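K.L.:
Got a sequence here, can you model it:
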Amino acid sequence: MLVVYDVSTTTALGQRRLRMVAQVCQAYGQRVQKSVFECIVNDVQYELLKRDLLRAIDPRQDNLRIYRLREPHGQFTFLAGVQPKHDLRGPLIL
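P.N.:
Prediction:
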């Protein structure tokens, strides 16, 4: 799925919310643009991700969108330019 957000950062609280939203997204996926994350999650993880994000944003000021991508992902996704650092489906070697 794709998580896209726009957090109002005109105040210190907004800047804190922006950091919180990014931290939540990083726990579930990989940043592909500044406010865009690709996440591979099961149904339970999706509900947890959504819950955590809704707790982090201010719905009166911020915008959050979650798009479920069709499978097979590679068949329905066009990529150009710099690519993400690692494959979320592959093994992660630290």
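K.L.:
longest single helix anywhere in this protein?
P.N.:
helix 12-28 (DSSP state H).
K.L.:
Which strands and helices lie in contact with the helix or strand just after it?
P.N.:
Per DSSP states H and E, helix 12-28 leads on to strand 29-33 as the next helix or strand towards the C-terminus. Judged by 3 or more C-beta pairs under 8 Å, 6 or more residues apart in numbering; DSSP states H and E, the packing partners of strand 29-33 are strand 36-39. No exception for glycine: its C-beta is placed from N, CA and C like everyone else's.
K.L.:
The strand it packs on pairs with which strands, parallel or anti?
P.N.:
strand 2-6 (antiparallel), strand 29-33 (antiparallel) (DSSP bridges).
K.L.:
Next, the angle helix 12-28 makes with the first one.
P.N.:
The reference is to strand 2-6. 170 degrees (axes from the mean of the first three to the mean of the last three C-alpha atoms, to 10 degrees).
K.L.:
got the CA positions of the longest helix of the chain in PDB?
P.N.:
What follows is helix 12-28, C-alpha atoms only, in PDB (Å, rounded to 0.1, in the frame of the first residue of the first chain):
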ATOM      1  CA  ALA A  12       6.200  23.500  16.700                       C
ATOM      2  CA  LEU A  13       3.300  21.000  17.300                       C
ATOM      3  CA  GLY A  14       2.900  20.500  13.600                       C
ATOM      4  CA  GLN A  15       6.600  19.800  13.200                       C
ATOM      5  CA  ARG A  16       6.300  17.300  16.000                       C
ATOM      6  CA  ARG A  17       3.300  15.600  14.300                       C
ATOM      7  CA  LEU A  18       5.300  15.500  11.000                       C
ATOM      8  CA  ARG A  19       8.100  13.600  12.800                       C
ATOM      9  CA  MET A  20       5.600  11.300  14.500                       C
ATOM     10  CA  VAL A  21       3.900  10.400  11.200                       C
ATOM     11  CA  ALA A  22       7.200   9.700   9.500                       C
ATOM     12  CA  GLN A  23       8.300   7.500  12.400                       C
ATOM     13  CA  VAL A  24       5.100   5.500  12.300                       C
ATOM     14  CA  CYS A  25       5.400   5.000   8.500                       C
ATOM     15  CA  GLN A  26       9.100   4.000   8.900                       C
ATOM     16  CA  ALA A  27       8.000   1.200  11.300                       C
ATOM     17  CA  TYR A  28       5.800  -0.300   8.600                       C
END
